[in-house]
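[1] Starting from these lines, generate the structure:
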Amino acid sequence: MKYQILGNTGVRVSSVVLGTANFGLRWGHGASLDESRAILDAFQADGGNFIDTADVYQFGESEEFLGTLLQGRREDFFLATKYSSGASKTAGGLVTGNSRRAMVSSVESSLKRLKTDRIDLYWVHHPDDITPSEELVRGLEDLSRAGKILYAGLSNFSAWRLARAATLAELSHAVPVVASQFQYSLVSRQPERDMLKACRALQITPVTWSPLGGGMLTGKYRAGEKGRAEGMGGKVFQAENNAQRSAILDEVLAIAAETGASPDQVAIAWVAAQDCIPIIGPRTQAQYASNAGFSGLDLTGEHIDRLNTVSQFDHDIKTAPVQASPGHVIPVKPVA
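    I've put the predicted structure just below:
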């Protein structure tokens with residue numbers, strides 16, 4: 001297992017994150033407690049120490065499972081969880097969103113479910129487009145001073161929101177924003193436009209979810225398997241629905257055949273090669289063993305070039321001209 005420093009801290013975390021959205025069964029699909037234990041045991045045996053969950057995962061059961069499974073070994077792991085969506089289908093407005101009210105209520109509930117006295121990294125799961133950055137930063141700092149969280153992170157925030165919050169935290173000497181979590185894979189490279197650049201400039205670690213494009217990059221849907229499509233009510237997160245995606249999958253399968261690796265290992269290894277920490281979210285021990293095997297795969301420069309070429313996209317942010325009045329067009333420069 002390889003390790004790296006998280007953000008601008010002294011914390012060494014594993015180069016892969018164990019995502020635990022599949023720990024639990026309240027969503028109608030997932031892993032039992034015994035299966036979850038086996039996955040966590042294997043992750044620990046491989047040297048992994050970075051765990052990611054959220055209050056909404058399995059409507060709180062993921063955190064509950066971890067609370068049980070981490071007993072006696074809590075200090076062996078860097079534990080991250082999130083708030084914003086609530087831990088039940090009927091979560092009310094006071095415990096959802098980004099407000100300090102929701103933040104305080106959520107962290108207390110998560111601490112109870114996780115059976116721990118602190119959360120190592122507390123993510124704001126997604127922006128609510130209401131709560132100002134100042135309130136986020138102050139709320140997270142209050143939780144840090146109370147000893148309930150150690151570090152802060154933003155998940156699914158745009159680059160400009162991330163930069164604003166991180167800068168506010170730095171200027172006010174608040175708990176630092178040390179990581180940003182977002183979707184990134186061979187079929188979702190848009191973060192290269194600004195998010196990855198912002199992370200590098202701000203010394204924020206990019207932690208990326210769905211490196212397999214919702215399972216599409218494993219080739220299982222092409223082979224007729226159901227998997228996530230069945231568990232998610234027929235919804236495929238990143239469908240193979242255009243020529244480029246088919247070409248990307250063809251290249252992944254080709255490189256897997258050449259290297260003796262599995263397609264999922266090729267896709268995850270590509271993400272890791274972009275200086276990101278990928279999140280894997282196995283539901284079974286077999287899935288974990290396959291996903292984790294990416295660490296033993298060294299993609300060559302040629303492999304990376306081939307994958308970059310087939311998955312390339314327009315890095316420029318397009319803006320349409322603004323129609324000020326009939327017959328008069330004002331050109332608009334892209335916003336950085």
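
[2] and stretch 33-48, which residues are buried?
    35-36, 39-40, 42-44, 46, 48 (16 or more other CB atoms under 10 Å). The C-beta positions use only the backbone N, C-alpha and C, and glycine is treated the same way.

[3] er, stretch 149-161 actually
    149-157, 159, 161.

[4] now do stretch 166-185
    Neighbour counts over stretch 166-185 (16+ other CB under 10 Å) mark 166, 168-169, 174-185 as buried.

[5] In strands, which of those residues fall?
    Among the buried residues of stretch 166-185, the members falling in strands (DSSP state E) are 177-183.

[6] got those as JSON lines, with distance to residue 24 columns?
    Below are these laid out as JSON lines (distance: CB to CB, whole Å):
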{"residue": "177", "distance to residue 24": "28"}
{"residue": "178", "distance to residue 24": "27"}
{"residue": "179", "distance to residue 24": "24"}
{"residue": "180", "distance to residue 24": "26"}
{"residue": "181", "distance to residue 24": "20"}
{"residue": "182", "distance to residue 24": "24"}
{"residue": "183", "distance to residue 24": "22"}
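
[7] and which of those residues is nearest to residue 123?
    Of all these, residue 123 sits closest to residue 181, with 6.2 Å by CB to CB.

[8] what is the closest one paired to in the beta sheet?
    Bridge pairing for residue 181 (DSSP bridges) gives the partners residue 155, residue 207.

[9] for it, what are its contacts?
    52, 123, 153-156, 206-209, 279 (CB atoms under 8 Å, 6 or more residues apart in numbering).

[10] And the strands in the stretch 201-336 of the chain, which stretches?
    205-209, 277-280, 322-325, 328-330 (DSSP state E, counting those that start in this stretch).

[11] can you count the residues close to the residue nearest to residue 261 when sequence neighbours are not counted?
    Nearest residue to residue 261, sequence neighbours excluded (CB to CB, 6 or more residues apart in numbering): residue 297, at 4.8 Å. Neighbours of residue 297 under the rule other CB atoms under 10 Å: 20.

[12] Need the per-residue pLDDT for residue 297.
    Residue 297 is assigned a predicted lDDT (pLDDT) of 95.

[13] just residue 237 next, same as before
    You'll see residue 237 listed with a pLDDT of 66.

[14] same deal with residue 194?
    For residue 194, the predicted pLDDT is 97.

[15] Could you measure from residue 90 over to residue 313?
    40 Å (CB to CB, to the nearest Å).

[16] and if you look at residue 265?
    Distance of residue 265 to residue 313, given as CB to CB: 23 Å.

[17] out of the buried residues of stretch 33-48, which are inside helices?
    Members of the buried residues of stretch 33-48 lying in helices (criterion: DSSP state H): 35-36, 39-40, 42-44.

[18] how about residue 276, phi and psi?
    phi -110, psi 160 (degrees, to the nearest 10).

[19] Hmm, I typed the wrong one, I wanted residue 196.
    Taking degrees, to the nearest 10 as the convention, residue 196 sits at phi -60, psi -40.

[20] circling back to that earlier point, more crowded one of residue 265 and residue 313?
    Just comparing residue 265 and residue 313: by other CB under 10 Å the higher neighbour count belongs to residue 265, 24 against 12.

[21] Tell me how far the more buried one lies from residue 9.
    29 Å.

[22] what comes up buried for the helix ranked longest in the chain?
    The longest helix of the chain (DSSP H) is helix 243-259. Residues of helix 243-259 classed as buried: 245, 248-249, 251-253, 255-256, 259 (neighbour count, 16+ other CB under 10 Å).

[23] From the residues you listed, pick the one nearest residue 301.
    Using CB to CB, residue 255 is the member of those that lies nearest residue 301, at 12.5 Å.

[24] The residue nearest to residue 261 against residue 270, yeah?
    No. In this structure residue 297 lies outside contact range of residue 270 using CB atoms under 8 Å: 9.8 Å.

[25] just how off-centre is the longest helix of the chain within its chain?
    Relative to the chain's own centre, helix 243-259 is displaced by 24 Å; criterion: CA atoms, centre = their mean, to the nearest Å.
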